[in-house]
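**Student:** This is the structure alone, sequence omitted:
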């Protein structure tokens, strides 16, 4: 991969003359997800999920005698997220000729618990799936 690499540590933004091929080794990733789902009825259920994600630093190496370690700054990532979701489905009623359209409706809330070098902002989702 061709990148701009600074010549000295006090150089803030390297110019085009510092471009050179650099070898990049991506950091290891580990990802664990655990959850539970409770079906209140055949049409309504709720889920609770926990996700743990860690990515190690990327490593850079070049052919010149320069310091490439600064390129690895802020390339590691750590995040823990909690998710609660409610699902409503009309598939069972559709198969029993009690509802005219087969589909799913889901509402979810994602709440980051902890993190490093990641966006820590809660968000909600609303999904509609219709099957034909």
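**Tutor:** Everything's here; your move. Predicted model, so just to flag it, every value in this text is computed and none were measured.
**Student:** who touches residue 57 in this structure?
**Tutor:** Contacts for residue 57 were tallied using C-beta atoms under 8 Å, 6 or more residues apart in numbering; they are 27, 72, 75-76. In short, each C-beta sits where N, CA and C put it, glycine included.
**Student:** Go ahead and confirm residue 124 touches residue 109.
**Tutor:** Yes. Using C-beta atoms under 8 Å, residue 124 is in contact with residue 109, at 5.1 Å.
**Student:** Pick out whichever of the two has more residues nearby.
**Tutor:** Neighbour tally, residue 124 and residue 109, criterion other C-beta atoms under 10 Å: the higher count belongs to residue 109, 13 against 9.
**Student:** need the strands for the chain, in chain order.
**Tutor:** 2-4, 19-25, 29-39, 44-55, 59-62, 77-89, 103-116, 123-130 (DSSP state E).
**Student:** Could you export these as TSV, including distance to residue 96 and mean pLDDT?
**Tutor:** TSV is the format used below for those (distance: least, C-beta to C-beta, whole Å; pLDDT from 0 to 100):
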stretch	distance to residue 96	mean pLDDT
strand 2-4	60	84
strand 19-25	56	86
strand 29-39	17	97
strand 44-55	16	97
strand 59-62	58	87
strand 77-89	13	97
strand 103-116	15	96
strand 123-130	18	97
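**Student:** so can I have CSV of these showing distance to residue 68?
**Tutor:** Shown next, in CSV, are these (distance: least, C-beta to C-beta, whole Å):
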stretch, distance to residue 68
strand 2-4, 9
strand 19-25, 7
strand 29-39, 21
strand 44-55, 19
strand 59-62, 4
strand 77-89, 20
strand 103-116, 22
strand 123-130, 36
